[in-house]
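**Q** this one's sequence-less:
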DNA sequence: ATCAAGTGAGACAGTCATGTCTCAAGAGAT
DNA sequence: ATCTCTTGAGACATGACTGTCTCACTTGAT
């Protein structure tokens, strides 16, 4: 039941990441089901996108909680966040990059709140002296998601090995974000 | 004449960056012209995208040449590249991120060649000891464009000041890419 | 004032994706 | 073996976008 719906959502994200304009027809085929069944599971394209957004938000919130981004050393918190969120890089990259496709205010608002939570982590790190203050915290947050999305695409397209993805993200990002003397 | 076409292309990119599925109707309205004139300038959506891709390739190639990425210190070459390409961040970000929208083989092939030229810069920097070798050169290239795209969006959405964009890109990226002891 | 060129508004048919429906076939339980 | 539930295939009307065309209007030059 839920497993089924979720696998359909994930295959839809996989396709839509490459072809944002893919028709319901193609989405159904990518999931290995018929167009009729797809409409039974998600009544309409809007509903499908809504559930994709909801799933992405759930995963993202879980990752933030799991990583305990509000506690402890900010640098270590970023590493924990990368650990927790990289398994869902495709999904998060989709909602982050393609967020303009979501007309849904509830989704975009909730996303903005999660985004703000990440920005707060960087602001906290700047105040504690861990992160460079020359770069705005909002930019650090944006850059983190940009690179996360990039990792997601690179892995999906086979340009980056999955086992290298965590290092690729954290080393590059932290190298640029951590304050040095 | 050419100026007119170009301004239409740029406003189209501005709109399509936010709404990749925007109709010709909306593209025309965003450019301040009628749908009829838009079709006179660019006979069909495909032709419009083709010219956007061509323009982006021209700008990108000019930037690579201007920056002389094949010569001199790799770190300085990256700085020069950022200088040269940031004015066209929106355009390059569009073709880079939304490249899946281009069915045009000529465009994607030419883009891959330019992308490879950037990757060669990073490979050269790794061989000279300037850049970290733990990160694949292809990932450095990808990350550079991801961050460039992020800068483009952030500036467009007003989240980042234009005068800060160069520093935001080069400091974060080079901080993570440059080798340290 | 006249003329030429370009533009905008609207109409038009064609195409495609969508959402809904029906019906036949298959899977699984009893 | 039978029954029930779910699925897939296809048909259907609807709506949206596209590409093309016509016509009236404006602009600028002569």
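**A** Received it, and whenever you're ready, just let me know what you need. All figures in this text were calculated on a predicted structure; none of them were measured in a lab. Numbers count the residues shown, from 1 in each chain, chains lettered A, B, ... in the order given.
**Q** ok, which residues in chain A are in contact with chain B?
**A** A:18-21, A:97, A:100-101, A:132, A:134-136, A:138-140, A:142-143, A:145-147, A:149-150, A:153-154, A:159-160, A:164, A:167-168, A:171-178, A:180 (Cβ under 8 Å from any Cβ of the partner chain). For glycine as for every other residue, the C-beta is placed from the backbone atoms N, C-alpha and C.
**Q** up against DNA strand D, what does chain A have?
**A** Proximity of chain A to DNA strand D (Cβ under 7 Å from any atom of the strand) is limited to residues A:4, A:32, A:33, A:34, A:35, A:36, A:37, A:40.
**Q** if we go to 10 Å?
**A** Contact residues (Cβ under 10 Å from any atom of the strand) of chain A with DNA strand D: A:1, A:4-5, A:8, A:28-29, A:31-41.
**Q** pull out the buried members of those.
**A** Buried residues within these, counting neighbours by 16 or more other Cβ atoms under 10 Å in any protein chain shown: A:8, A:28, A:29, A:31, A:33, A:38, A:41.
**Q** secondary structure element holding the third one?
**A** With secondary structure defined by DSSP states H and E, residue A:29 is part of helix A:24-31.
**Q** quick one: that helix near DNA strand C?
**A** Yes - Helix A:24-31 lies within reach of DNA strand C by Cβ under 10 Å from any atom of the strand, at A:24, A:25, A:26, A:27, A:28.
**Q** for these, pick the one with the most neighbours.
**A** Among the residues of helix A:24-31 next to DNA strand C, the one with the most neighbours (other Cβ atoms under 10 Å in any protein chain shown) is residue A:27, at 23 neighbours.
**Q** let me see the contact set for that one.
**A** Residue A:27 makes contacts with A:11, A:12, A:15, A:16, A:38, A:48, as judged by Cβ atoms under 8 Å, 6 or more residues apart in numbering or on different chains.
**Q** so which two of those are the farthest from each other?
**A** Across the contacts of residue A:27, no pair lies farther apart than A:16 and A:38, at 13.2 Å, counting by Cβ to Cβ.
**Q** how distant is the helix holding residue A:29 from the center of its chain?
**A** 22 Å (Cα atoms, centre = their mean, to the nearest Å).
**Q** go on, stretch A:112-128?
**A** Relative to its chain's centre, stretch A:112-128 lies at 16 Å (Cα atoms, centre = their mean).
**Q** quickly find the element holding the residue nearest to residue A:110 when sequence neighbours are not counted.
**A** Leaving out its chain neighbours, the residue that sits closest to residue A:110 by Cβ to Cβ, 6 or more residues apart in numbering or on different chains is residue A:57, at 5.2 Å. Assigned by DSSP H and E, residue A:57 falls within helix A:45-67.
**Q** which residues outside whatever helix or strand comes next after that helix are in contact with it?
**A** Counting by DSSP H and E, the next helix or strand C-terminal to helix A:45-67 is helix A:74-85. Contacts with helix A:74-85, where a contact means Cβ under 8 Å, 6+ apart, come from A:59-60, A:62-64, A:66-71, A:92, A:118, A:121-122, A:124-125, A:128, A:130-131, A:144, A:148, A:166, A:169-170, A:173-174, A:177-178.
**Q** next, the angle from helix A:74-85 to helix A:45-67.
**A** Put simply, helix A:74-85 runs at 140 degrees to helix A:45-67, going by axes from the mean of the first three to the mean of the last three Cα atoms, to 10 degrees.
**Q** near DNA strand C, which residues of chain A?
**A** A:21-28, A:34-40, A:42-49.
**Q** re the thing from before, out of the residues of chain A next to chain B, which end up buried?
**A** Here, 16+ other Cβ under 10 Å leaves A:20, A:97, A:101, A:132, A:135-136, A:138-140, A:142-143, A:145-147, A:149-150, A:153-154, A:160, A:164, A:168, A:171-178 buried among the residues of chain A next to chain B.
**Q** so which of those are in helices?
**A** In helices, defined here by DSSP state H, the members of these are A:97, A:138-140, A:142-143, A:145-147, A:149-150, A:153-154, A:164, A:168, A:171-177.
**Q** contact partners for the most centrally placed residue in chain A?
**A** By Cα atoms, centre = their mean, the mean C-alpha position of chain A lies nearest to residue A:92, the distance being 1.6 Å. Contact analysis of residue A:92 by Cβ under 8 Å, 6+ apart lists A:56, A:59, A:60, A:63, A:85, A:145, A:148, A:149, A:152.
**Q** tally up the residues packed near the fifth one, please.
**A** Residue A:85 is flanked by 27 other residues according to other Cβ under 10 Å.
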